[in-house]
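Participant: turn this into a model:
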Amino acid sequence: MTDTKKVIRTFTGRVVSDKMDKTVTVLVERKVKHPLIGKVIVKSNKFHAHDEKNESKEGDLVVITENRPISKTKSWVVSKIVTKAVQV
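Facilitator: Take a look at the predicted model:
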């Protein structure tokens with residue numbers, strides 16, 4: 001038998017909303033090259049991520065990892081906070 005490990009996807013993104021309880025909305029941006037034109041385009045996706053202790057605030061840079069579905073729209077978990085946002 002061959003040992004196959006499940007690859008756990010991780011993304012780094014910025015928290016754009018923390019208004020929900022134990023949930024944050026994370027904006028993940030990635031740069032891709034257009035196949036025909038060759039121009040570099042910024043594509044973005046928003047993910048709802050589970051934040052158990054409500055530690056991350058709006059503007060924080062976080063790492064999210066894929067997890068089992070927690071709710072209808074939540075299947076990601078905040079694994080660590082890379083940088084905190086400067087509060088003005």
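
Participant: so residue 22 touches residue 48, yeah?
Facilitator: No. With contact defined as C-beta atoms under 8 Å, residue 22 does not reach residue 48; the gap is 10.5 Å. Using the backbone N, CA and C atoms, a C-beta is placed for each residue, glycine as well.

Participant: more neighbours, the two?
Facilitator: residue 48 (19 against 14; other C-beta atoms under 10 Å).

Participant: residues in contact with the nearest residue to residue 80 once chain neighbours are set aside?
Facilitator: Spatial nearest neighbour of residue 80, chain neighbours left out: residue 63 (5.1 Å); criterion: C-beta to C-beta, 6 or more residues apart in numbering. Residues in contact with residue 63 (C-beta atoms under 8 Å, 6 or more residues apart in numbering) are 10-12, 78-80, 82.

Participant: in strands only, show me those.
Facilitator: Among the contacts of residue 63, the ones falling in strands (DSSP state E) are 10-12, 78-80, 82.
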